[in-house]
Each structure stands twice: as structure tokens, then as C-alpha cells.
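Visitor: Need a 3D model of the sequence below.
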Amino acid sequence: MHADHNNTASTSVEEPCGETVGQAACRVSCLTPDTQLPLVVSPTDKHSLAEYRDAIKQMVSTHLSTVGGLLFRGFPIESATDFETLVKMLSPALASYEFGSTPRSQVHNQIYTSTEYPPHQHIPLHNEQAYTTEWPMKIWFYCAQVSPEGGYTPIADSREVYRHIPIRIRERFLAEGVMYVRNYGNGLDVPWNKVFNTMDRRVVEQYCRSTGIEYEWKADGELRTRQVCQAVSVHPRTRETVWFNQAHLFHVSNLEPAVREALLSFVNEEDLPRQAFYGDGTPIESTVLDEIRDVYQCHAVQFPWQRGDVLMLDNMLVAHGRTPFRGPREILVAMAESSKS
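Guide: Numbers count the residues shown, from 1 in each chain. Next comes the predicted model:
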């Protein structure tokens, strides 16, 4: 992984840089000379957020599908409401967090907390909801409070990840896809009523039928689902191939050894909160997943957050994660533009 980049570095990209659009001017720069991910978009003067609308739209239109990630830094964004204003400049209809795999809290309309995992845990790089057949095309992160230690949001180019996955691994995943098995609730994972936002089993069953998810209600009243999804996908706009699954995150080998051992002493393997298989149900070798994790690590870029930063990602082109942290940290999230729309 790259070392923590000096966030004062500013190396111009080839074009366009420092362009003026509409009422207010923005400039584009790089955090470091060795990577353009993420490109930094910053204001050249002080204006209201609304006055930057045209310039921000132009920057996104010009750069997002090429680079995959933009870091808006130095704009007057001081609250969840300001964050929502910026996001809605670009995508008026925000997405709700449906069929989620991690705990989040709704902060304001369709603005959510980032994944509420314990601070000491590392969240591997992944594309949002790549464990489904429908996902948000855009995702934004807003830094409301910087952690005093750690708490980075590393990112990686999913095109490069795909290119560097060993061919023998790529071919098997391409042929078979990934099967995700989830067991909800029981104090081990998010309860099914939270995941599906309903207490009505019939609503859950209808959702599963409509999205190709196999489901069963277990004897204890809890829910188990299975779904076979893509391992690789093609971006609808750029037509580039991306590595797009969460096998390495769902698989039990993602857990720390002590946690894994304790969990397996408590539940049968079929009742693990989540597990990933090849699409035909064959177990995925831990060594294969380790190779995939190594590719992510080799292509990961991280940077120190500044309060008020907004990171915008094309969710198919760029994966994201979270490093452990100490002290208070508040990163909010918004999503938009379904892959099926």
C-alpha cells in the first residue's frame, strides 16, 4: 500500500487544469506525482456552494469516468445538509441503503453513516454492493470529523485489480461467478428486518423472488439466503472490464483467526453469518482469496482526510475500504444511480 500521502502536494494533471466554468472557478490537481487517483478538485476563490454547480458538474463530466475518483477539498461543506446539497447537484435522486450487508444509521434523508464496524477492525477494499446484481453507480463520502489516528478510506482502481488478478483465478471466477450465503440475525449479523427494512416476511420473499435470491426460513425463525452473482463486470459507459465481487470480504477467511475459531466453535459452517463460494457451490480456496487480497493491497491508495472533504467514486471503477482508527471519526455516505436504471 502506498504510504500516507502528503495532502499538500499539488501536481497538475495534463488537462483541463484550473479551468473556469460558470460563475465560479475550480482547479484540478493530484495529491502526489505518482497517482491521479483521486484527482483533487478545489475552488480558486470563495463562493457559495450553489455558485460552483456548473464548475463541479463539468469536472465530474470530464474526469470521473477516466480517473474513477474525485476528492472535493476546500468547498464550503460544513454539515450533512451541505453534503446532500453537493451530491444532489450531481444526482438529484439518491438511493436508499437496500439489502445492505453492514450496519449503518440514517442521518439525514438518504445520507447514512459509513459502516459501523468496530474501530479496531479493517474493512477490506470492495465495491459497494458488489455482492448483489444491482448496485449504486455513484458513491460519496463526506468527512464530518477526522479521526486523530488512522481511519483512512483507501481506494483502488477496479480495472487495475482485474488486470492483475492471475489469469487462472480470473477464468474460474468468470466461468462460475460467486455464490453468497447469508444467515441473518442471532446476534451475529444484521437482522433480516434491518436488511430488508420490513417486519413482513412476505415483503422479504417478494424481494428475493424478484432479484433471484434463494431464501429459507430456518427453524429458529431466522433467514438464510443464497445468491449467485457476477465476479467480473463491464462498465456500461466506459465498456472497461472490472473486478467486481466481494468473495474476499464475505469468505470466512476474512475474519481474524481468533474470531473465526470462536465463531466456528459456536455455529456450524452452514450457519456462518456470511460465506462465499464459487457459483456452483464449491468452496473457494483461502490461498486464492489471499492472492486477490494481495492485488488489492498492491493497488491501494490512501490519503489523510481533512474536515469538509467529499470523495466521489464511480462505484464500478474504484473500490474503497477503511483502515482501523482511534478516537472519534465521522464519515457520512450517499449513493445514487442504480446499475439497472
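
Visitor: Please make it C-alpha for all contacts and neighbour counts, starting now.
Guide: Noted.

Visitor: A strand includes Leu37, no?
Guide: Yes. In this structure, Leu37 lies within a strand as judged by DSSP: H, G, I helix; E, B strand; the rest coil.

Visitor: hang on, it packs against Thr66?
Guide: No. Taking contacts as CA atoms under 8 Å, Leu37 lies outside contact range of Thr66: 10.0 Å.

Visitor: Which one's more surrounded, the two?
Guide: Remark: of Leu37 and Thr66, Leu37 carries more neighbours, 21 against 13, as counted by other CA atoms under 10 Å.

Visitor: mind listing what that one touches?
Guide: Listed by CA atoms under 8 Å, 6 or more residues apart in numbering, the contact set of Leu37 reads 30, 67-70, 301.

Visitor: measure it to Ile56 for me?
Guide: Per CA to CA, to the nearest Å, Leu37 is found 17 Å from Ile56.

Visitor: cool, Val87 as well?
Guide: Per CA to CA, Val87 is found 10 Å from Ile56.

Visitor: more neighbours, those two?
Guide: Comparing Val87 with Ile56 by other CA under 10 Å, the one with more neighbours is Ile56, at 26 against 23.

Visitor: How about the contacts made by the more buried one?
Guide: So Ile56 contacts Cys26 (CA under 8 Å, 6+ apart).

Visitor: Could you look up the SS state of it?
Guide: Secondary structure, three-state DSSP: Ile56 is helix.

Visitor: pLDDT value on it, please?
Guide: pLDDT, Ile56: 95.

Visitor: what's the burial count for Arg293?
Guide: Burial measure for Arg293: 18 neighbouring residues, criterion other CA under 10 Å.

Visitor: My read is that it contacts Gln246, right?
Guide: No. In this structure Arg293 lies outside contact range of Gln246 using CA under 8 Å: 10.7 Å.

Visitor: Please report how far the most centrally placed residue in the chain lies from Val318.
Guide: Per CA atoms, centre = their mean, the C-alpha nearest to the average position across the chain is that of Glu128, at 3.6 Å. Going from Glu128 to Val318 by CA to CA gives 10 Å.

Visitor: So this structure: which segments form each domain?
Guide: 20-121+138-143+307-338, 160-295 (automatic domain parsing).

Visitor: any chance of these in TSV, plus distance to Gly150?
Guide: As requested, the domains of the chain are exported to TSV (distance: least, CA to CA, whole Å):
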stretch	distance to Gly150
domain 20-121+138-143+307-338	4
domain 160-295	19
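
Visitor: Would you mind checking which of those domains scores lowest on average pLDDT?
Guide: domain 20-121+138-143+307-338 (a mean of 87).

Visitor: how far out from the middle of the chain is that domain?
Guide: Chain-centre distance of domain 20-121+138-143+307-338: 12 Å, with CA atoms, centre = their mean, to the nearest Å.

Visitor: which one of the domains of the chain is the most hemmed in?
Guide: Each of the domains of the chain was scored by mean neighbour count; the highest is domain 20-121+138-143+307-338, a mean of 19, by mean count of other CA atoms under 10 Å.

Visitor: Stretch 240-251: end-to-end distance?
Guide: End-to-end for stretch 240-251, by CA to CA: 26 Å.

Visitor: How about residues contacting that stretch?
Guide: Taking contacts as CA under 8 Å, 6+ apart, the residues outside stretch 240-251 that touch it are 124, 126-127, 130-131, 158-162, 178, 180, 229-235, 254, 274-277, 289-290, 292-293, 316-317.

Visitor: again, but for stretch 215-227
Guide: Outside stretch 215-227, the residues touching it (CA under 8 Å, 6+ apart) are 132, 179-186, 192, 205, 208, 212-214.

Visitor: residue boundaries of the helices in the stretch 201-341 of the chain?
Guide: 201-211, 247-250, 257-264, 286-299 (DSSP state H, counting those that start in this stretch).

Visitor: Now that we have those helices, can you turn them into JSON lines and tack on distance to Phe83?
Guide: Formatted as JSON lines, these follow (distance: least, CA to CA, whole Å):
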{"stretch": "helix 201-211", "distance to Phe83": "31"}
{"stretch": "helix 247-250", "distance to Phe83": "29"}
{"stretch": "helix 257-264", "distance to Phe83": "36"}
{"stretch": "helix 286-299", "distance to Phe83": "28"}
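
Visitor: so which of those helices comes closest to Arg172?
Guide: Closest to Arg172 of the helices of the stretch 201-341 of the chain, according to CA to CA: helix 286-299, at 10.9 Å.
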